[in-house]
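Colleague: quick one, fold the following:
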Amino acid sequence: MSYMNMNMNMNGNNGIMNNVFGPLSKQYCLYFYILAVIGFIIFLIFFFYLFYLMFAIGSKVHPSIYVMTVSGCISYLLFYFTYRLLYSMCAGSLR
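Modeller: Now for the predicted structure:
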C-alpha cells in the first residue's frame with residue numbers, strides 16, 4: 001500500500017481517528033490528580049515507617065530493610081512528582 005492510499009484512507013475515517021486518537025476532555029486530567037494523591041499518600045506511609053524503624057525499633061532492624069524503605073520513599077516521591085507534573089501539564093494545556 002502506498003503512502004498516498006494510506007493518507008486517503010485516514011482522511012476518509014477522520015471521525016473514527018479523532019474518536020480513537022484525538023485529545024480527551026479536561027475531565028480526564030482528574031486521572032493524573034488521583035494518581036498524584038495516591039502516590040503522595042504511599043510516600044507518607046513509607047516515610048513514617050522509616051521513622052518508626054529508626055526510632056521505635058532501632059538497632060534490631062537489618063540494614064537491608066532501611067535500604068528498601070528509603071528506596072520505596074524515593075520511588076513514590078518520584079511517582080508523585082511525575083503524576084503531579086502530568087496533571088499540571090494536562091490542566092494547563094486545556095484552559
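Colleague: in what helix or strand does the residue nearest to the spatial centre of the chain lie?
Modeller: Nearest to the centroid of the C-alpha atoms of the chain, with distances taken as Cα atoms, centre = their mean, sits Y83, at 3.8 Å. In this assignment (DSSP states H and E), Y83 forms part of helix 63-93.
Colleague: re earlier: next one: the residue nearest to the centre of the chain from I45, what distance?
Modeller: To I45, Y83 is 17 Å away according to Cβ to Cβ, to the nearest Å. Using the backbone N, CA and C atoms, a C-beta is placed for each residue, glycine as well.
Colleague: where's I65 relative to L86, distance?
Modeller: From I65 over to L86 (counting by Cβ to Cβ), the distance is 32 Å.
Colleague: an error on my part: the question was meant for F21.
Modeller: Distance from F21 to L86, by Cβ to Cβ: 18 Å.
Colleague: with neighbour numbers in mind, choose between those two.
Modeller: L86 (16 against 7; other Cβ atoms under 10 Å).
Colleague: what sits against that one?
Modeller: Listed by Cβ atoms under 8 Å, 6 or more residues apart in numbering, the contact set of L86 reads F32.
Colleague: mind listing what's buried in stretch 15-31?
Modeller: C29 (16 or more other Cβ atoms under 10 Å).
Colleague: and what of stretch 40-58?
Modeller: For stretch 40-58, by 16+ other Cβ under 10 Å, it's 40, 42-43, 46-47, 50.
Colleague: list the contacts of it.
Modeller: For stretch 40-58, using Cβ under 8 Å, 6+ apart, the contacting residues are 61, 65-66, 69-70, 72-73, 76-77, 79-80.
Colleague: just the buried residues out of those residues, in PyMOL syntax.
Modeller: Selecting only the buried entries of those in PyMOL, with 16+ other Cβ under 10 Å as the criterion:
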select buried, resi 69+72+73+76+77+79+80
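Colleague: tell me the one of the contacts of stretch 40-58 nearest M17?
Modeller: F79 (32.2 Å; Cβ to Cβ).
Colleague: can you check the pLDDT for the residue nearest to F43 when sequence neighbours are not counted?
Modeller: Excluding its sequence neighbours, the residue lying closest to F43 (Cβ to Cβ, 6 or more residues apart in numbering) is Y76, at 4.0 Å. For Y76, the model assigns a pLDDT of 96.
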